[in-house]
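Q: Below are the sequence and a predicted model; questions follow.
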There are 2 protein chains.
Amino acid sequence: MPNKTNEMIRYVAFRLFVEVGYEATNIRNICKEVDIKPASLYFYYKSKEDLFFSIYDEVWEDKIKVLSNIAELEHNISPNMKLYFLYKRSMDYYSENIIKMKFLLRYHLFPPEDLANIIRDKYREWSGKEDKIIEDIIKQCMERRVLPDDRDLSDYVLEYKTFEREQLIEMIINNIKKNEREFDRSWLRFWNCNMSNSV
Amino acid sequence: MPNKTNEMIRYVAFRLFVEVGYEATNIRNICKEVDIKPASLYFYYKSKEDLFFSIYDEVWEDKIKVLSNIAELEHNISPNMKLYFLYKRSMDYYSENIIKMKFLLRYHLFPPEDLANIIRDKYREWSGKEDKIIEDIIKQCMERRVLPDDRDLSDYVLEYKTFEREQLIEMIINNIKKNEREFDRSWLRFWNCNMSNSV
DNA sequence: GTCTATAAGAGGATAGAC
DNA sequence: GTCTATCCTCTTATAGAC
């Protein structure tokens, strides 16, 4: 049974953490927007750091949940189409949640000094789960010879993740959602140039 | 005739601005490492912001100078080789100056709130100079039909910059210098899939 | 749950001596 | 050029009343 005040705190804090960053976000500003006094925030969170990681984990949890659902959805299709759908629906999710993705990018690329170690550990754990989902599909591609097996599984996973990250960063930097057609063009280039061919 | 203390201030400040960020970098920390008292820093710079932009402009100036030199170097070669050399030598420069590139990426992606407007203006000015260098070479490619002229110049420039940025971000994120062969593979994919073909 | 009041400290910046 | 001393503001966080 989530509390109204708590939801407001999380909403405002998240926005500020993304837009102005952890260090520049201060308790007073959050509370001003939520219309409570700073002391009240400490009823919900024991510290600024506590608030941050509560949000950080929630963003990752949501992302992993969505990716899992996508991966489990398709059954009777070829594994390369599975990977394609994973990509396409990931892009849909990222497009609609660009701010969450910007949040993750920000704190993985440039973590605040005092949170850096914790973020690194949490990142490893969460992105490990992400890897498993991708690995699973690519493994199927290799088993059914949709992808040449002269390369390592981990190599393909890295290739896919790099490609996906490029797309994501382009979205974040340009702050626009690409249209379906552009996503498909990128996919074709990726599949033909980076995956199927071993240049 | 640069002053020894001033050089130290700039060196230390630059490192801290990259690694821990503008907000988390404080005058006291800089001065501690330089082994001077905070008041002394204000003899060289009128504020923290002043120090920051002095470094910001220097990083860009150096980058533009190097790019200009590369572009002016090659004369008797085909324009597509010119673009290839621009790419290759840019990558060499970026590899050897990853920390400077990380600095620029950091402040363009996530500028401190109070500096955001100034950074945006300066960025426009500097990257305009960068665009001119790239434009000049691509224009030659189109004139000599090395690149199909069914696409706009600005379209090609954007394509090149996006490609270059991908390579750069990969270097920064993985914090390693790719080897020559990998750079060449990336170039071939780019040239064949993104430039020569109009998919 | 939310408040008032405040502790405790860190930060940018300046005055003025040497 | 570099220092000591200090101002003033902002920040996280807590104590304790309601």
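A: Thanks, I have it.
Q: where are the low-confidence patches of chain A?
A: For chain A, applying pLDDT under 70 flags the ranges A:1-2, A:197-199.
Q: switch the cut-off to 80
A: Scanning chain A for pLDDT under 80 picks out A:1-3, A:74-75, A:197-199.
Q: how does it divide into domains?
A: A:1-45, A:49-195 (automatic domain parsing).
Q: Return the residues in contact with A:Met8.
A: For A:Met8, the contact set (C-beta atoms under 8 Å, 6 or more residues apart in numbering or on different chains) comprises A:Val34. Where C-beta positions appear, they are placed from N, C-alpha and C, glycine not excepted.
Q: buried set for the host helix or strand of it?
A: Taking DSSP states H and E as the definition, A:Met8 sits inside helix A:4-19. Going by neighbour count (16 or more other C-beta atoms under 10 Å in any protein chain shown), the buried part of helix A:4-19 is A:8-10, A:12-14, A:16-19.
Q: now do stretch A:173-180
A: Across stretch A:173-180, burial judged by 16+ other C-beta under 10 Å covers A:Lys178.
Q: Can you confirm whether that stretch lies near chain B?
A: Yes: against chain B, stretch A:173-180 shows contacts by C-beta under 8 Å from any C-beta of the partner chain at A:Ile173.
Q: outside of that stretch, which residues touch it?
A: With contacts defined as C-beta under 8 Å, 6+ apart, stretch A:173-180 is touched by A:91, A:95-96, A:98, A:167, A:170-171, A:186, B:109, B:165.
Q: Mind putting these into a markdown table with secondary structure?
A: As requested, the contacts of stretch A:173-180 are exported to a markdown table (DSSP: H, G, I helix; E, B strand; the rest coil):
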| residue | secondary structure |
| --- | --- |
| A:Met91 | helix |
| A:Ser95 | helix |
| A:Glu96 | helix |
| A:Ile98 | helix |
| A:Gln167 | helix |
| A:Glu170 | helix |
| A:Met171 | helix |
| A:Ser186 | helix |
| B:Leu109 | helix |
| B:Arg165 | helix |
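Q: Counting neighbours, what do you get for A:Lys46?
A: 9 (other C-beta atoms under 10 Å in any protein chain shown).
Q: If you could redo that for A:His75, that was the one I meant.
A: Burial of A:His75 is recorded as 6 neighbouring residues (other C-beta under 10 Å).
Q: got it, and A:Met195?
A: Residues near A:Met195, counting by other C-beta under 10 Å, number 20.
Q: roughly how far apart are it and A:Trp187?
A: A:Met195 sits 10 Å away from A:Trp187, going by C-beta to C-beta, to the nearest Å.
Q: Show me which of the buried residues of helix A:4-19 is closest to A:Asp35.
A: Within those, the smallest distance to A:Asp35 is 8.2 Å, found for A:Met8 (C-beta to C-beta).
Q: dump the residue contacts of A:Glu61.
A: With C-beta under 8 Å, 6+ apart as the criterion, no residue contacts A:Glu61.
Q: Is it in a helix, a strand, or coil?
A: Look at A:Glu61: counting by three-state DSSP, its state is helix.
Q: Now tabulate the buried residues of helix A:4-19 in TSV and tack on distance to A:Asp50.
A: Below are the buried residues of helix A:4-19 laid out as TSV (distance: C-beta to C-beta, whole Å):
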residue	distance to A:Asp50
A:Met8	17
A:Ile9	12
A:Arg10	12
A:Val12	16
A:Ala13	11
A:Phe14	14
A:Leu16	16
A:Phe17	13
A:Val18	18
A:Glu19	21
